[in-house]
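Visitor: sequence plus predicted model, see below.
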Amino acid sequence: MIIGIMGAMPDEVDQLCAKLENVTVEPYGGVEYHKGTLAGKQVVVCCAGMGKANAAATTQVLITRYGAEKIIFSGIAGNMTSKIGIGDVVIGKTVLYHDAQLDMICQNPPYLKEYAGDPALIAAAEKACAEAGVKALTGKIATGDLFVGDSETKAAIEAKCAPDCVEMEGAAVSQIAASITAGGVVDLSGIAQRYAGFLPESFRASIVEACERSVSAVLSDNAVVLADVIVQKVLAPLLTPVISLVLFFVAFALLRMLVSLLVTVLGLVNKLPVVGTVNRWLGWTAGGIASLLDIYLVLCVLWALIVITGGNLTVLNDTVMSSSLYYKVFNVFNPFL
């Protein structure tokens with residue numbers, strides 16, 4: 001198991017970096033990631049920088065690029081309770097934002113207003129503090145992109161969420177970790193179904209695959225792969241049917257015009273007494289062909305509507321249309337299948 005350890009400032013992680021064994025350093029996205037072993041554990045230690053955006057971005061990289069299964073964030077915080085003092089420790093049982101509209105935040109994954117700490121890590125932190133003789137409080141930590149240095153701001157935060165301490169990164173770390181680690185994995189297939197359910201299943205699968213490969217390409221800094229994924233998995237499946245549909249209707253329109261012209265010519269020739277009877281039968285035949293083409297066009301339009309709506313309309317779906325003999329025959333000669 002790989003453990004990610006983060007701090008917001010160099011002073012908060014330098015001592016840990018100095019204790020790493022078998023260490024390698026990799027710069028990525030403006031952050032140096034120190035990979036090595038610490039007390040026999042595989043760890044990646046980094047300084048994320050101050051603020052929620054830096055913390056969130058670094059957490060994402062630790063998990064998706066370095067495979068961190070646990071994230072530990074530590075640093076300096078501002079006291080909000082009389083239970084502890086300078087030099088004491090607050091362990092985050094829960095973490096939340098004090099500068100955000102929580103009912104809006106929770107509308108996106110992981111759909112939470114507060115984020116719970118990992119029970120195993122909380123227990124380990126409590127044990128470590130007890131063994132080191134450090135006073136510790138397991139409680140609530142509030143995060144915001146501002147330095148709390150006046151009584152008015154402190155009172156406002158106290159009234160909103162009553163935390164034990166405030167800092168500038170913790171909730172962002174917890175939000176990202178809760179979204180993409182075990183129990184909070186983003187379901188790309190579900191998102192594709194929700195927002196693109198009207199598209200064919202094969203195309204939705206291409207979108208999901210493109211998203212997954214695009215993330216991998218971005219994390220590996222491979223712009224060529226990313227461009228190829230977008231073209232092959234998104235643009236090509238989307239544009240090819242559209243182009244085919246346009247070409248089909250153009251060809252159909254031309255064929256329909258030829259049939260109509262043939263009907264007109266036969267109608268004129270039919271007036272000649274010598275070939276009147278024969279041409280009369282030919283005219284009926286051409287008229288029948290024109291009618292069948294019209295029916296075929298209508299069925300093409302209905303099929304396209306079924307595809308566009310994903311078959312979700314009560315009165316227009318494959319189940320309803322399969323009862324029609326015309327539709328069954330049409331599917332045999334459907335140029336798009």
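Guide: Arrived safely, thanks for sending. Not measured: the values here are computed from a predicted model. Residues are numbered from 1 along each chain as shown.
Visitor: shaky segments in the stretch 101-250 of the chain?
Guide: Applying pLDDT under 70 to the stretch 101-250 of the chain picks out residues 181-249.
Visitor: hey, where'd the helices end up in it?
Guide: For the stretch 101-250 of the chain, the helices defined by DSSP state H, counting those that start in this stretch cover 102-105, 119-132, 151-161, 170-180, 188-196, 201-219, 223-229, 236-269.
Visitor: how about T138, what does it touch?
Guide: Contact analysis of T138 by CB atoms under 8 Å, 6 or more residues apart in numbering lists 90-91, 93, 122, 126. The C-beta positions use only the backbone N, C-alpha and C, and glycine is treated the same way.
Visitor: revised request: answer the last question for I105.
Guide: 97, 113, 175.
Visitor: which of these are buried?
Guide: 97, 175 (16 or more other CB atoms under 10 Å).
Visitor: any chance of the contacts of I105 in TSV, with distance to E21 too?
Guide: Shown next, in TSV, are the contacts of I105 (distance: CB to CB, whole Å):
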residue	distance to E21
Y97	37
K113	40
Q175	32
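Visitor: just to revisit the earlier point, who wins for neighbours among the contacts of T138?
Guide: Most neighbours among the contacts of T138, by other CB atoms under 10 Å: V90, with 24 neighbours.
Visitor: can you get me a residue count around the closest residue to that residue other than its chain neighbours?
Guide: What sits nearest to V90 in space, not counting adjacent residues and going by CB to CB, 6 or more residues apart in numbering, is C165, at 4.5 Å. The tally of other residues near C165 (other CB under 10 Å) stands at 22.
Visitor: against I157, how distant is C165?
Guide: The gap separating C165 from I157 is 10 Å, by CB to CB, to the nearest Å.
Visitor: over to D318?
Guide: Taken as CB to CB, the span from D318 to I157 is 57 Å.
Visitor: looking at these two, which has the bigger crowd around it?
Guide: Neighbours were counted for D318 and for I157 using other CB under 10 Å; I157 has more, 20 against 12.
Visitor: just give me the neighbour total for A159.
Guide: Close neighbours of A159, defined as other CB under 10 Å, add up to 8.
Visitor: domain parsing for the protein?
Guide: 1-76, 78-178, 188-337 (automatic domain parsing).
Visitor: for the first one, what is the average pLDDT?
Guide: Right, domain 1-76. Per-residue pLDDT over domain 1-76 has a mean of 94.
Visitor: could you measure G75 against N331, distance?
Guide: The value you get for G75 to N331, if CB to CB is used, is 64 Å.
Visitor: more crowded one of the two?
Guide: Neighbours were counted for G75 and for N331 using other CB under 10 Å; G75 has more, 19 against 14.
Visitor: give me phi/psi at the residue nearest to the more buried one when sequence neighbours are not counted?
Guide: Once flanking residues are discounted, G75 sits nearest to E12: 4.5 Å by CB to CB, 6+ apart. The phi/psi pair for E12 (degrees, to the nearest 10) reads phi -90, psi -10.
Visitor: what sits against E12?
Guide: 47, 74-76.
Visitor: most neighbours of all those, which one?
Guide: Among these, C47 has the most neighbours (other CB under 10 Å), with 22 neighbours.
Visitor: so it bridges to which residues?
Guide: G7 (DSSP bridges).
Visitor: equivalent analysis for I3, please.
Guide: Assigned bridge partners for I3, using DSSP bridges, are V43, K70.
Visitor: what's around it, how many residues?
Guide: Counted with other CB under 10 Å, I3 comes out at 17.
Visitor: can you check the one 3 residues further on too?
Guide: Counted with other CB under 10 Å, residues neighbouring M6 total 27.
Visitor: tell me the contacts of it?
Guide: So M6 contacts 13, 45-48, 55, 58-59, 62, 71-74, 169, 173 (CB under 8 Å, 6+ apart).
Visitor: what's the closest of those residues to P109?
Guide: T59 (14.0 Å; CB to CB).
Visitor: mind checking the SS state of the closest one?
Guide: Classification of T59 using DSSP: H, G, I helix; E, B strand; the rest coil returns helix.
Visitor: that one against A172, yeah?
Guide: Yes. Assessed by CB atoms under 8 Å, T59 is found in contact with A172 at 7.2 Å.
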